[in-house]
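K.L.:
build me a structure from this.
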Amino acid sequence: MALWGNNDNVGSAGSVSLDYSNRVVSGWGTATGALVSGVASFAQAGFAKTGDIISFGEHGSGTYYGEAVIVSIGSSMRLTIASTEALSGAHVGNDPASNQRGLNGVEYTISEKPTYTIGDATYNVKRDSSASYNTLVTGTPLQNVGVNSHTVAVDISAISPPLEIGDYLLNNSVSLPVIAIGIATAGAISTCITGDKVFRAEPPFTIDDGNTTVGLGTTRPTLSHVGFVTADVGGAGIAVLKGSAVIPVKEILTYHLAVGDVVNIGAAITNVAVASIAHTTVSLASTTPVNINVGTMISFSSSTINVFETPGDNDEAIAVGHSITYKGAAGINTDVVDLGGNIGAAITTGQTLTFQRREGGYDAYVYGVNQSGIATGTQFQTGVGWVGVQTYMDNDNNLRVKKEILVAMSGITTGNQDAYPPE
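P.N.:
I've put the predicted structure just below:
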């Protein structure tokens, strides 16, 4: 029996369960638990053999139970492990009441990693623990924020200890990572060129102080009002008669209007949705109750409209998908945090926001690393071979990585999950 090989991607079809009482691993063929001969294919060419290591569950991405050395194989659907010492003790595809074969198995992987690592406490699954999300501080939102927004206005200076990138906002029982503090980045959803009055971007935040700026390289044109633009009715004489749903708009193409935008015309029409848009006209979802004369001011509003107040230095072209960074007046960071995900529950002004910091946690695993897994230039950088890796979060919320090349060798076949580097 070799102490190790060079394959970290041995065949692992089907799923398995484990009987702790006799250390027998059973292969399963379907999600309903039907025992189908040959599905697991133990002892077949390219599949598990005596001396390999079997890992139960999904390390790095799901429930993980630990590893064991295979000491014998009874059939293509049965094998026996040497010990359960490096397992978590949790039932592996078993019925907890009987500790016998249950209805479903769990995923597994087979590897030729060094067998002696099973007895090394450094890489024993019993030391593994997930990092916890500890409440860091609370804050108060400055504006209402709707579902699916990824940016929240909050008084940064009032949060102590100070927020850091990598902290989390707890919303709707989900911890959303803070990816920027004082700025917010959105993606353009329309194309804007010099002379356009409006460009559209996914809503970053709802602060309306009249001085919000948008970063466009070296140019920072001022936005006069987020989500609001005023246009003129076009035509001659009485442009729109009472009972009409179609309104001509001057320079309509420069406003980048969209179906679903809201229209307000004086006191007669309030919050009426735009139903469709033509080259020179917009159609409303309801008819007008009064005549509308040429030159009447029409207000269009939307959470995705942003308005240029003073365009003019020929450096304001924006294409669909361009990244747009929002800051406060004069390009200075403002009271806002940008999140790595969309909020699932609306936030209202005055409620309490909970910010968290991920701390603690420990993980250790032996990876097969080939050239593509070296991770040059990162803290995961290592040489090729069988590499023991320990990770944990320190008290300052920094990820710490300790690597040890257990067997230096080239030509390792990789493919098992979790892949290296585990990022």
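
K.L.:
which element follows the helix or strand bottoming out on mean pLDDT in the chain toward the C-terminus?
P.N.:
Of all helical and strand segments in the chain, the minimum by mean pLDDT, DSSP states H and E falls on strand 100-101, at a mean of 42. Counting by DSSP states H and E, the next helix or strand C-terminal to strand 100-101 is strand 108-111.

K.L.:
contact partners for Gly383?
P.N.:
Residues near Gly383 by C-beta atoms under 8 Å, 6 or more residues apart in numbering: Val369, Ile374, Ile405, Ala408. Just so you know, the C-beta spots here come from the backbone N, C-alpha and C atoms, and that holds for glycine as well.

K.L.:
if you could redo that for Val259, that was the one I meant.
P.N.:
Neighbours of Val259 in contact, by C-beta under 8 Å, 6+ apart: Ala273, Val274, Ala275, Ser276, Ile277.

K.L.:
tell me the buried residues in stretch 9-24?
P.N.:
Asn9, Val10, Ser12, Ala13, Gly14, Ser15, Val16, Ser17, Leu18, Asp19, Arg23, Val24 (16 or more other C-beta atoms under 10 Å).

K.L.:
what about that stretch, how long is it end to end?
P.N.:
22 Å (C-alpha to C-alpha, to the nearest Å).

K.L.:
check the offset of it from the chain's centre.
P.N.:
Offset of stretch 9-24 from its chain centre (C-alpha atoms, centre = their mean, to the nearest Å): 32 Å.

K.L.:
quick one: mean pLDDT for it?
P.N.:
Stretch 9-24 shows a mean pLDDT of 89.

K.L.:
cool, stretch 81-88 as well?
P.N.:
90.

K.L.:
and for stretch 336-347?
P.N.:
According to the model, stretch 336-347 has a mean pLDDT of 88.

K.L.:
and that stretch, what's buried?
P.N.:
Those would be Val336, Val337, Asp338, Leu339, Ile343, Ile347, for stretch 336-347 by 16+ other C-beta under 10 Å.

K.L.:
if we can go back for a sec, filter the contacts of Val259 down to the buried ones.
P.N.:
Buried members of the contacts of Val259, scored by 16+ other C-beta under 10 Å, are Val274, Ile277.

K.L.:
format the contacts of Val259 as JSON lines; extra columns: distance to Tyr168.
P.N.:
JSON lines is the format used below for the contacts of Val259 (distance: C-beta to C-beta, whole Å):
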{"residue": "Ala273", "distance to Tyr168": "36"}
{"residue": "Val274", "distance to Tyr168": "38"}
{"residue": "Ala275", "distance to Tyr168": "41"}
{"residue": "Ser276", "distance to Tyr168": "42"}
{"residue": "Ile277", "distance to Tyr168": "40"}
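
K.L.:
among the contacts of Val259, name the ones in strands.
P.N.:
Ala273, Val274, Ala275, Ser276, Ile277 (DSSP state E).

K.L.:
tell me the contacts of Thr50?
P.N.:
Per C-beta under 8 Å, 6+ apart, neighbours of Thr50: Met1, Ile70, Val71, Ser72, Ile73.

K.L.:
ranges for the strands of the stretch 151-300 of the chain?
P.N.:
Taking DSSP state E, counting those that start in this stretch to define them, one finds strands in the stretch 151-300 of the chain at 151-153, 168-171, 174-181, 184-187, 198-200, 213-215, 223-232, 246-248, 262-265, 269-277, 281-284, 297-308.

K.L.:
to Gly93, which of the ones you listed lies closest?
P.N.:
Of all the strands of the stretch 151-300 of the chain, strand 174-181 sits nearest to Gly93, with 28.8 Å by C-beta to C-beta.

K.L.:
buried stuff in that closest one?
P.N.:
For strand 174-181, using 16+ other C-beta under 10 Å, the buried residues are Leu176, Val178, Ile179, Ala180, Ile181.

K.L.:
beta-bridge partners for the nearest residue to the fourth one once chain neighbours are set aside, please?
P.N.:
Right, the one you point to is Ala180. Nearest-residue entry for Ala180: Asp338, 3.8 Å, with adjacent residues in sequence omitted and distances by C-beta to C-beta, 6 or more residues apart in numbering. Beta-bridge partners recorded for Asp338 (DSSP bridges): Thr151, Ala180.

K.L.:
wouldn't Asp338 be in contact with Ile179 here?
P.N.:
Yes: using C-beta atoms under 8 Å, Asp338 is in contact with Ile179, at 5.4 Å.

K.L.:
what's the overlap in contacts for those two?
P.N.:
Counting by C-beta under 8 Å, 6+ apart, no residue touches both Asp338 and Ile179.

K.L.:
can I get the buried residues of stretch 336-347 in a markdown table with distance to Ile324?
P.N.:
Shown next, in a markdown table, are the buried residues of stretch 336-347 (distance: C-beta to C-beta, whole Å):
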| residue | distance to Ile324 |
| --- | --- |
| Val336 | 14 |
| Val337 | 17 |
| Asp338 | 12 |
| Leu339 | 16 |
| Ile343 | 20 |
| Ile347 | 22 |
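
K.L.:
out of those, flag the one nearest to Lys113.
P.N.:
Leu339 (38.1 Å).
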